[in-house]
Every structure is written in structure tokens, then in C-alpha cells.
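[1] Sequence isn't available, so here's the structure alone:
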Ligand SMILES: Nc1nc2c(c(=O)[nH]1)N[C@@H](CN(C=O)c1ccc(C(=O)N[C@@H](CCC(=O)O)C(=O)O)cc1)CN2
């Protein structure tokens, strides 16, 4: 359409299935002089729910996003839509939590530093000091928050203070080996992603590689999922698997698994931050 400068936005929405949803969205964009760049949608026939993600270019003036949001609210209401409209350039603010194993943290920091992952890691929290030097080298604030059964409530209150003070959009558990309380999980619902070092639902809990070795599996893997109060039960976002064989010890499996963990977690963080992930009960819909 126009040649005037444009700003790219992403509109994500979900609502009960109904006639005219796509028509209403495309008419709204046409009336606001916008070009659709790409569009993904899914209508779940089993539960009658509809999901949509549209990337579009709108006229680039500073009021564009506010105007689009104000006007889209009127389009969304009749369909009872849940929706978000965000400039593509918005970089999500991420707080990473880690314990002793640093491979997923290191991978996330490298990907964000190299521009591969469009997020800002604004803080790192750990119950150990192992990775303080790495995080400080990246110029990111590091917070040592030790956790014992007695100190867990204070530790979790400290984490929530940091989430608020750093205006965090997403908490990433990059091999953080403490179980979060029900209360913390509900405060972080839909904005905390964990990497579990197995191909769920197999080998939940601690020491999945030993469980895998004992069972004699031929694939090991990793699962990135939203954190819920039920350990390792959260909606799955991304999974990765790697071939293994009888010659691999549990330590070999853990070493092989590190690549799967880093890859699955980075993909889950990217998709979440690009607005591609919709939670539907215990499951997710990924529009990509
Ligand atoms: N509420 C939740 N908290 C956490 C989840 C989750 O799914 N829901 N995932 C874990 C990560 N994790 C597996 O992916 C995991 C971490 C820790 C344990 C565990 O049994 N921890 C022991 C302590 C271990 C230690 O101190 O090293 C415990 O907490 O008693 C199991 C699975 C992150 N949190």
C-alpha cells in the first residue's frame, strides 16, 4: 500500500470459534492502512476454540500502536477475544534462574549477545555462585539467592521483588534445581519456562539421565515447558531428541543431552517471545 514508513506489529488472539473472526481482523487492518506480512491460524474443532497470529506493517507514527490497540478493543469484544498487539521491535525482558549446570544459561547469553535471540536478559538469579563471573562478564546483574527448606519463602519473595523491580516479562529456569511453590507458580503463570532434561513424559523429577540409562533407551531428549505447581507437568512448548546407544554411560547421556536442552530451551524462549505460543489447558498451540 502506502510508501510512508511503516512499523511492523504482531497481533495474537484466541477466542471461542465463531463465523467472521478472520473477516473482522482483516477488515480492521485494511481500515487502518496496514499490510498483512504473514498470518497463522488454527481452529480446534474438538473444543471449538480459535487461535490467530498476524504480523502486519502499519503506518509508522508514534501513536500507531496506541491507536491500533484502542480501536482493536472494539473488534475483539464481540468475540470475547484474548488478544495482544505489540510492535515486533519490542524486546522481552528475561530473568534467568540457574543452579550448578551452566550450559543452558551460557547458550542463552551467547544467543542474546549475538542477536540470535531477540530478548534482553536483565538479571540472573542463582542459588549458587558458580556462574557469577560469566554473568558479570556479560554485564548482567547476578543475584545469589541461596535456598534451603527454611529460607525458601524468603528466597521466593526476593525473586518476586526482582521480577517486579526489573519489570520482567519472562522467567526462564535454565537448569534451576529447586521446586517452586504453588504460590510462586500462580504468580508466574504463563510467564515462566523450565527446561527438563528428559523427553517428557518419560523420566520426570531429578536424575532423568540415570533413569534413561537404567531403562536402556535409544533416544534421550529435553523438554521446555511452562512451570506449574505440578512438577514437570506444565504445558509443553518445545522438545528435542538425540540418538544414543548401549555404550553410553549416564554421564555420557548427560553430556549428549546438554545440546538437546540448550536447543529446546532457546526455541521455546524464542517462540514465547514472538507471541507464537498459546496455552490451551494442559497443552499448547504453536503458530509458526
Ligand atoms: N513448581 C515447579 N518447580 C520447578 C519445576 C516445575 O516443573 N514445577 N521444574 C524444576 C526443574 N526440575 C526438572 O526439570 C527439577 C528440579 C528439581 C527437582 C528436585 O527434586 N529438587 C530437589 C532439590 C534438589 C537440589 O537441591 O539439588 C527439591 O527441590 O527438593 C526436581 C525437578 C524447577 N522447579
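    Now that the structure is in, tell me what you want to look at. From a predicted model like this one, the values you see are computed outputs, not experimental measurements.
[2] use CA for all of it now, contacts and neighbours both
    Fine.
[3] near the ligand, which residues of the stretch 101-250 of the chain?
    Within the stretch 101-250 of the chain, the residues that sit near the ligand (Cα under 6 Å from any ligand atom) are 176-181, 185, 194-196, 205-206, 227-232.
[4] Swap in 5 Å and give it another go.
    When proximity is defined by Cα under 5 Å from any ligand atom, the stretch 101-250 of the chain lies next to the ligand at 177-180, 196, 205-206, 227-229, 231-232.
[5] Just the buried ones out of the residues you listed, please.
    177, 180, 196, 227-229, 232 (16 or more other Cα atoms under 10 Å).
[6] Serialize the residues you listed to CSV and add fields for secondary structure.
    Shown next, in CSV, are those (DSSP: H, G, I helix; E, B strand; the rest coil):
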residue, secondary structure
177, coil
180, coil
196, strand
227, coil
228, coil
229, coil
232, coil
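[7] what separates the helix or strand containing residue 259 from the chain centre, distance-wise?
    Secondary structure from DSSP states H and E places residue 259 in helix 250-273. Helix 250-273 sits 14 Å away from the centroid of its parent chain (Cα atoms, centre = their mean, to the nearest Å).
[8] Return the list of helices and strands in contact with the following helix or strand past it.
    Remark: after helix 250-273, the chain's next helix or strand is strand 277-280, criterion DSSP H and E. Secondary-structure packing of strand 277-280 (3 or more Cα pairs under 8 Å, 6 or more residues apart in numbering; DSSP states H and E): strand 283-286.
[9] Helices of this protein, residue ranges please.
    21-31, 64-76, 103-113, 132-137, 152-165, 182-187, 208-215, 250-273 (DSSP state H).
[10] Reformat the ones you listed as TSV; add mean pLDDT.
    Formatted as TSV, the helices of the chain follow (pLDDT from 0 to 100):
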stretch	mean pLDDT
helix 21-31	97
helix 64-76	95
helix 103-113	98
helix 132-137	98
helix 152-165	98
helix 182-187	98
helix 208-215	96
helix 250-273	98
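[11] among these, which is the most enclosed?
    Among the helices of the chain, helix 250-273 has the highest mean neighbour count (mean count of other Cα atoms under 10 Å), at a mean of 21.
[12] Helix 208-215 and that helix, what's the angle between them?
    Between the axis of helix 250-273 and that of helix 208-215 there is an angle of 130 degrees, by axes from the mean of the first three to the mean of the last three Cα atoms, to 10 degrees.
[13] what comes into contact with helix 250-273?
    91-92, 103-104, 107-108, 117-119, 172, 174, 193-197, 209-210, 212-213, 220-225, 237-242, 244, 277, 286 (Cα atoms under 8 Å, 6 or more residues apart in numbering).
[14] Narrow these to just the buried residues.
    92, 103-104, 107-108, 117-119, 172, 174, 193-197, 209-210, 212-213, 220-225, 237-241, 244, 277, 286.
[15] If the nearest residue to residue 129 once chain neighbours are set aside is in a bridge, with which residues?
    The shortest distance from residue 129 to any non-neighbouring residue, by Cα to Cα, 6 or more residues apart in numbering, is to residue 144 (6.3 Å). On the basis of DSSP bridges, residue 144 is bridged to residue 126.
[16] so who does residue 144 touch?
    125-129 are the contacts of residue 144 under Cα under 8 Å, 6+ apart.
[17] now those as TSV including pLDDT and neighbour count?
    Shown next, in TSV, are the contacts of residue 144 (pLDDT from 0 to 100; neighbours: other Cα atoms under 10 Å):
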residue	pLDDT	neighbour count
125	98	26
126	98	22
127	98	19
128	98	15
129	98	16
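[18] pretty sure residue 60 contacts residue 5?
    Yes: contact criterion Cα atoms under 8 Å: residue 60 and residue 5 qualify, at 5.4 Å.
[19] shared neighbours of the two, anything?
    In contact with both residue 60 and residue 5: no residue, using Cα under 8 Å, 6+ apart.
[20] between the two, who's got more neighbours?
    Taking neighbours as other Cα atoms under 10 Å, residue 60 and residue 5 compare with residue 60 leading, 13 against 10.
[21] per-residue pLDDT, the more buried one?
    At residue 60, the model reports a pLDDT of 71.
[22] what sits against it?
    4-7.
[23] roughly how far apart are the residue lying closest to it once chain neighbours are set aside and the ligand?
    Leaving aside its chain neighbours, residue 60 sits nearest to residue 6 (4.2 Å; criterion: Cα to Cα, 6+ apart). Going from residue 6 to the ligand by Cα to the nearest ligand atom, to the nearest Å gives 41 Å.
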